[in-house]
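Novice: Here's a sequence, model it:
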Amino acid sequence: MAFPHHAGELTDYAEYIVRLFAATDIHFHGRVILFDKAVCRHIGSQCDLELMDFNRFTDLKAAHMDSIGAAVVQRASLATKSPSSCKKQEACN
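Specialist: Down below sits the predicted model:
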C-alpha cells in the first residue's frame, strides 16, 4: 500500500460506499459511483478533509444521490434533449 498510515481511513470509507451500494437500488448504482468520484475529487482538492469526514460531504451526497439533487437533475435534462434539437435550422429558400 502506498500510504499505509491511511489504511483505516480507506477501510472505513470503503465500508461506507459498500453500504451505499447495498442501500441503493441496482438501477441507481451509477449515482453511487458518481458520488464516490465527486468525494474523491473534493477530498483531493482540500487539505483539511479526510475520507472519514462523512458529514463534510453531505452536500455532494444530496447532489448525486437524491432524486432532486443538482447533478441528478442536470444529467436527466441532458439525457432528454434530442440530438435533432441541437441542429441549426436551415434558412428557407
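Novice: Need the residues that contact the helix or strand in which H29 is found.
Specialist: Element membership of H29 [criterion: DSSP states H and E] is helix 29-44. The contact list for helix 29-44 (C-beta atoms under 8 Å, 6 or more residues apart in numbering) reads 17, 20-21, 24, 49-51, 57, 60-61, 63-65, 71-72. From N, CA and C alone the C-beta is placed, and that goes for glycine too.
Novice: please redo it, this time with the cut-off set to 6 Å
Specialist: The contact list for helix 29-44 (C-beta atoms under 6 Å, 6 or more residues apart in numbering) reads 17, 20-21, 24, 49, 51, 57, 60-61, 64-65.
Novice: any idea which helix or strand comes after that helix?
Specialist: Next along the chain after helix 29-44, taking DSSP H and E as the criterion, comes helix 58-65.
Novice: Counting by contacts, list what that next one packs against.
Specialist: helix 29-44, helix 70-80 (3 or more C-beta pairs under 6 Å, 6 or more residues apart in numbering; DSSP states H and E).
Novice: Could you identify which of the ones you listed is most buried?
Specialist: Mean neighbours per residue, mean count of other C-beta atoms under 10 Å, is largest over the helices and strands packed on helix 58-65 for helix 29-44, with a mean of 16.
Novice: For it, C-alpha coordinates in PDB please.
Specialist: Written as PDB, here are the backbone C-alpha positions of helix 29-44 (Å, rounded to 0.1, in the frame of the first residue of the first chain):
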ATOM      1  CA  HIS A  29     -25.600   2.300  -8.700                       C
ATOM      2  CA  GLY A  30     -24.200   4.700 -11.200                       C
ATOM      3  CA  ARG A  31     -25.200   7.500  -8.800                       C
ATOM      4  CA  VAL A  32     -23.100   5.900  -6.100                       C
ATOM      5  CA  ILE A  33     -20.100   5.700  -8.400                       C
ATOM      6  CA  LEU A  34     -20.500   9.400  -9.500                       C
ATOM      7  CA  PHE A  35     -20.900  10.400  -5.800                       C
ATOM      8  CA  ASP A  36     -17.700   8.400  -4.900                       C
ATOM      9  CA  LYS A  37     -15.800  10.200  -7.800                       C
ATOM     10  CA  ALA A  38     -17.100  13.600  -6.600                       C
ATOM     11  CA  VAL A  39     -16.000  12.900  -3.000                       C
ATOM     12  CA  CYS A  40     -12.500  11.800  -4.100                       C
ATOM     13  CA  ARG A  41     -12.100  14.900  -6.300                       C
ATOM     14  CA  HIS A  42     -13.300  17.100  -3.400                       C
ATOM     15  CA  ILE A  43     -11.100  15.400  -0.800                       C
ATOM     16  CA  GLY A  44      -8.100  15.700  -3.200                       C
END
